[in-house]
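> my questions are about this predicted structure, shown below with the sequence.
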Amino acid sequence: MEAVTKLDVEAIRADFPILQRRIGDRAIAYLDSAATSQKPVQVVEAMRRFTEHSNANISRSVHTLGAEATEAYEGARARVAAFIGAPSANEVVFTKNSTESINLLAYAFQNATLDPHADPRFRLAPGDEIVVTEMEHHANLIPWQQLAQRTGATLKWIGITDHGRLDLESIPEVITERTRVVSFTHVANLLGTVNPTSQITARAREVGALVGLDASQSVPHIPVNVAELGVDFIAFTGHKMLGPTGIGVLWAKADLLDAMPPFLTGGSMIKTVTMERTTFADAPAKFEAGTPPIAESVGLAAAVDYLDKLGMENVRAHEKELAGYMLERLETVDGLAIVGPRVPIGRSATVSFTLDGVHPHDVGQVLDAEAVAVRVGHHCAKPTCDRFGVNATTRASAYVYNTHEEIDRLVEALGKVRKVFG
Amino acid sequence: MEAVTKLDVEAIRADFPILQRRIGDRAIAYLDSAATSQKPVQVVEAMRRFTEHSNANISRSVHTLGAEATEAYEGARARVAAFIGAPSANEVVFTKNSTESINLLAYAFQNATLDPHADPRFRLAPGDEIVVTEMEHHANLIPWQQLAQRTGATLKWIGITDHGRLDLESIPEVITERTRVVSFTHVANLLGTVNPTSQITARAREVGALVGLDASQSVPHIPVNVAELGVDFIAFTGHKMLGPTGIGVLWAKADLLDAMPPFLTGGSMIKTVTMERTTFADAPAKFEAGTPPIAESVGLAAAVDYLDKLGMENVRAHEKELAGYMLERLETVDGLAIVGPRVPIGRSATVSFTLDGVHPHDVGQVLDAEAVAVRVGHHCAKPTCDRFGVNATTRASAYVYNTHEEIDRLVEALGKVRKVFG
Amino acid sequence: MNLDELYQEVILDHYKHPRGAGLREPYEGESHQVNPTCGDEITLRVHVDGDTIGDVSYDNVGCSISKASASVMYELVNGATVDDALARLAEFTELMNSKGQAEGDEETLEDAVAFAGVSKYPMRVKCALLGWMAFKDALVRASTPGRTEA
Amino acid sequence: MNLDELYQEVILDHYKHPRGAGLREPYEGESHQVNPTCGDEITLRVHVDGDTIGDVSYDNVGCSISKASASVMYELVNGATVDDALARLAEFTELMNSKGQAEGDEETLEDAVAFAGVSKYPMRVKCALLGWMAFKDALVRASTPGRTEA
Ligand SMILES: Cc1ncc(COP(=O)(O)O)c(C=O)c1O
Ligand SMILES: Cc1ncc(COP(=O)(O)O)c(C=O)c1O
């Protein structure tokens, strides 16, 4: 069998009924996948089938539906583990979204710090340092800010160059012997920068710090293999990778999951419980208190199947091409300034820009009237906005179902913006 | 228009395709709704429609899909608020399940305790007391155990009588001037007991303690009005009330939500963010970091619509009848002992029992072969099991779609159990 | 959607030529408001002169809707009695919450009726109200500290 | 589903008449295992005599599958060499993980082949393995503290 080398975008589009949706008299050009992706019928159908055929709570029953639901859920875990090259399905924890995944990690440090018997790798003290970057989504910034505040640790960060890249030269200075954990974004959601990971990871290893990666914008778009990356944790989210809302993933090395205290507590994560005292199950159950997103796990597995069938290398190639085209075409727009890397190298197909004299809200509104859906605002990355002296940007982001023609429509619609606000 | 006074169970069953599912040659008798309910086509359809028509991320965009998604999500919030008689939609926080809702509350205390500037109502110190009951689901026990452990507060509890009721006489002793918060289950998930709330609430008020109610097993089954209950918080979960997995609710009084520090932090819950410092949005946004369960909120709203159309009084009456019938019929089974109240007064249609000499696993397995789905085990209520000296029970639980005939099949199948293990 | 309905001439005119912009003295109340979803900001000062709004001055960053709305507000409340200004605030808020159902009274709201179309766009209603919220807040602050007659 | 396949005669017989039940001395290793989903428990002791399993004694609470499995295990490993016992453990674990695909070798597994049907029921596999896990753990403990030859 020959490998498919290119995406058949027309065939893909047929799987996404929402792309037929009309705004006014035109089909929508959905260029907002960095916020959330659309879902193919395969995902919706898998969830419907599960709900109408096998729906039950998991893990705790011997009846047929319960057994099927448990198999579906654990099967989804194995499916996700394989997709990211995790050595064991038990290293995959299902959460509700990336945000919870990162909070779970930050609270592991907070709770360990409150427990003198906890694993020393997770116990923080004043003087200890936590490192992030200036291009983080708020989800990978605020939990660490709060952790620093509550433990007395210090938050530090790697800055951004004028070209929208991480200031790698500052690494030796920012990551020091006092650094206990480094958490940084793999692909920046506002700038579109794809960060090289090896230098940061190597330096973190050198100083004995743990390393986490916010992979929310990478797992959906490029091949991600946790073994190759050599990090300790990654977080990502179902709804950005063709899957449903309500499910996210924390992957972590088995021995770290063992060492981390529980976060949410309740049913299905225990060994024994008395009124006085509880002992906890092994990971991943330890971190999955309560009824998990069961139907959502089925949807996520279907999304992973879909992406695997396309081939993540093909997805990357398709988006690289779109990124190049988008950058090239946008540069032709009068008064448009790109915020982030201006070349399609080490960047995703997510492009933020400002339009001279027109506020992004107004840009987005006019684009919407032209049936072009983009996102406007600070994209939950206010520090990045501050770094580039803007209050907000307009952001267009492409995915497997987007075409050159849709980018042309974006550019055309930007002309219309000029007309309205000329 | 006349009010419907009884449920048309045949019409209801037609809305639940899974009830046609056959195990062997018989349609399944699903008596496990206390674990998770089945979902009507209306819920599945509403979610599919949303996904194929309006799917987008919420709150942060001006495009049409984003506006529709935001309206759907906020509409669901208003719908849920109305369903439980909340004075304002802003008092409804969407979580992933009951377990997260209760943890959110427990962590509000934990995080406030770490912050000298936090509201004193949420700051705990050694000597302070937290009160639960012996009949809690682990979800309303372990978070409080952990909180006590981390703050030095003491966990106390109200015991259970031999009849499976709360030992209300002990209230004055257990809830004292040192009590800061009382959290107890409205309807017990193993015993089926419906707890009277007024005595506990009155005593808590007397001593100035906050009061939370685990309403996971009440909101789906009986009319619940937070204003009438006079409590401060309630938690419940979508998947037990005909809705999807992946969504839960914390309702709290507005001034308490204002006073509580955030729990999960990240996107969509901020006012301003710099690398150094974050200020937070008002509730409910403050507690909804990250992309929320958007499609799930649409499903939950459809479930609430469905329940409202049935009428919660009718739901209660239907289940009261089933509870009576189930108790009566089960008492005829040789060697069967009910764990929990034996009369259909102040109890739900969830009935736990043991069968002399046969382990619940084996009971459940034989029942499954007869296409009767029940739950077996400790039902995430190990302390209740310990109280009654059992390791596990078999639990049958009924909902709007269950019939007398299904209860007959349960009783018949229990006869079969006797034959296999006679 | 109909762009013209949203971006009426009068809105674009106020956007391009904002009335009363800039921060001035004297003032008794100042408010800083942020729209957290887009980062738009306004700093607004109110000078109360007896029972009259003596001046409203402001500095803002934002979209056409939020900037035009502040400008239109300036025209409506500047020089009006405090009671009239509060009445306009109530009227305008009601118009914005009407989801496209109300037209607004041109007698009282003047240019602000041009915002009736905005009320159909829930994501933009916050923009249109930002300046008004700042005005409301500044007025409260103006009457709180040393003043006896509110 | 086929009940007879799961609850074979031989399983019910071991369940009703468990072999080797009760806790006995001497022993070098003891293990306590709990199945957290149902609360079932076993306490199991191993007495190692040279390179032979001198005794396996146990006290358990559980379903027919878990109790019968412990009884069958007793018959298989009691008096066997440590190596043979570990081989049976590996064989039985493999059978349980076969999802109904394997039959088991009656030569070596004897009565334990009756559990082949259990492997089709993922929720019950844990029950069938509980005693074996306790045996494995107890054996590790027996060989850890003071013993030189494992
Ligand atoms: C009384 C009670 N509380 C809490 C829960 C936990 O609900 P969830 O698993 O949806 O978090 C349940 C159900 O399992 C329950 O019955
Ligand atoms: C880089 C990055 N991190 C984290 C998140 C948060 O993901 P979620 O909202 O699903 O928690 C996002 C998306 O919003 C993101 O782009």
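Received the coordinates, thanks. All figures in this text were calculated on a predicted structure; none of them were measured in a lab. Ligands and ions are numbered 1, 2, ... in the order given.
> dump the residue contacts of the closest residue to ligand 1 within the stretch 1-150 of chain A.
Nearest residue of the stretch 1-150 of chain A to ligand 1 (CB to the nearest ligand atom) works out as residue A:57 at 7.3 Å. For every residue, glycine as well, the C-beta is placed using N, CA and C. Shown in contact with residue A:57 (CB atoms under 8 Å, 6 or more residues apart in numbering or on different chains): A:66, A:69, A:291, A:294, B:32, B:35-36, B:239, B:375.
> let's see which of those end up in helices.
A:66, A:69, A:294 (DSSP state H).
> was I right about the last one contacting residue A:69?
Yes. Look at residue A:294 against residue A:69 with CB atoms under 8 Å: they come within range, at 5.9 Å.
> residue boundaries of the helices in chain C?
C:3-6, C:9-16, C:64-77, C:82-96, C:106-109, C:122-143.
> what is the last one packed up against?
Packed against helix C:122-143, as judged by 3 or more CB pairs under 8 Å, 6 or more residues apart in numbering or on different chains; DSSP states H and E, are the following elements: helix A:360-369, helix B:64-83, strand C:29-35, strand C:40-49, strand C:52-61, helix C:64-77, helix C:82-96.
> any residue of the third one touching chain B?
Yes. Using CB under 8 Å from any CB of the partner chain, strand C:29-35 reaches chain B at residue C:34.
> swap in stretch C:90-107?
No. Contact of stretch C:90-107 with chain B (CB under 8 Å from any CB) is absent, the minimum separation being 9.8 Å.
> so which bits of that stretch are buried?
C:91-93, C:95-96, C:104 (16 or more other CB atoms under 10 Å in any protein chain shown).
> next: stretch A:205-213.
Neighbour count says stretch A:205-213 has A:207, A:209-213 buried, by 16+ other CB under 10 Å.
> on that earlier part again, identify the farthest-apart pair in the buried residues of stretch C:90-107.
Greatest spatial distance among the buried residues of stretch C:90-107 (CB to CB): C:93 and C:104, at 11.3 Å.
> so what's the residue count around residue A:389?
Residues lying near residue A:389 (other CB atoms under 10 Å in any protein chain shown) number 8.
> what about chain C, any weak spots by pLDDT?
C:1, C:145-150 (pLDDT under 70).
> show me which residues of it sit near chain A.
C:1-3, C:6-7, C:12, C:37-41, C:61-66, C:121, C:124, C:127.
> tally of neighbours for residue A:19?
19.
> and the one 4 residues further on, by the same measure?
A total of 18 residues lie near residue A:23 under the criterion other CB under 10 Å.
> ok, now residue C:27?
Count around residue C:27 with other CB under 10 Å applied: 19.
> can you report phi and psi for it?
The phi/psi pair for residue C:27 (degrees, to the nearest 10) reads phi -150, psi 150.
> and the gap between it and residue C:88?
19 Å (CB to CB, to the nearest Å).
> nearest to residue A:52, out of the helices and strands packed on helix C:122-143?
Each of these has some distance to residue A:52 by CB to CB; the shortest is helix B:64-83, at 22.1 Å.
> paired strands for the helix or strand that that closest one is followed by, with orientation please.
Using DSSP states H and E, the helix or strand that follows helix B:64-83 towards the C-terminus is strand B:92-95. Strand pairing for strand B:92-95, determined by DSSP bridges: strand B:248-252 (antiparallel).
> which of the contacts of residue A:57 sits closest to chain C?
Taking CB to the nearest CB as the measure, chain C sits nearest to residue B:239 out of the contacts of residue A:57, at 29.2 Å.
> just name the shakiest helix or strand of chain A by mean pLDDT.
Least confident element among the helices and strands of chain A, by mean pLDDT, DSSP states H and E: strand A:270-273 (a mean of 92).
> how about that one against chain D, any contact?
Yes. Using CB under 8 Å from any CB, strand A:270-273 reaches chain D at A:270-272.
> chain center to the helix or strand following that strand: distance?
With elements assigned by DSSP H and E, the helix or strand that comes after strand A:270-273 is strand A:278-280. How far strand A:278-280 lies from its chain's middle: 31 Å, per CA atoms, centre = their mean, to the nearest Å.
> one more: stretch A:69-87?
18 Å.
> pLDDT on it, on average?
On average, the pLDDT along stretch A:69-87 is 97.
> what residues does that stretch touch?
A:50, A:54-59, A:88-89, A:91-92, A:94, A:219, A:224-228, A:234, A:249, A:251, A:254, A:284, A:292, A:294, A:297-298, A:300-301, A:304-305, A:307-308, D:122-123.
> swap in stretch A:304-312?
A:3-4, A:7, A:12, A:15, A:40, A:42-43, A:79-80, A:83, A:220, A:222-224, A:241-243, A:315, A:400.
> so for it, what gets flagged as buried?
A:304-307, A:310-312.
> out of those, who's nearest chain B?
For the buried residues of stretch A:304-312, the nearest to chain B is residue A:306 (14.4 Å; CB to the nearest CB).
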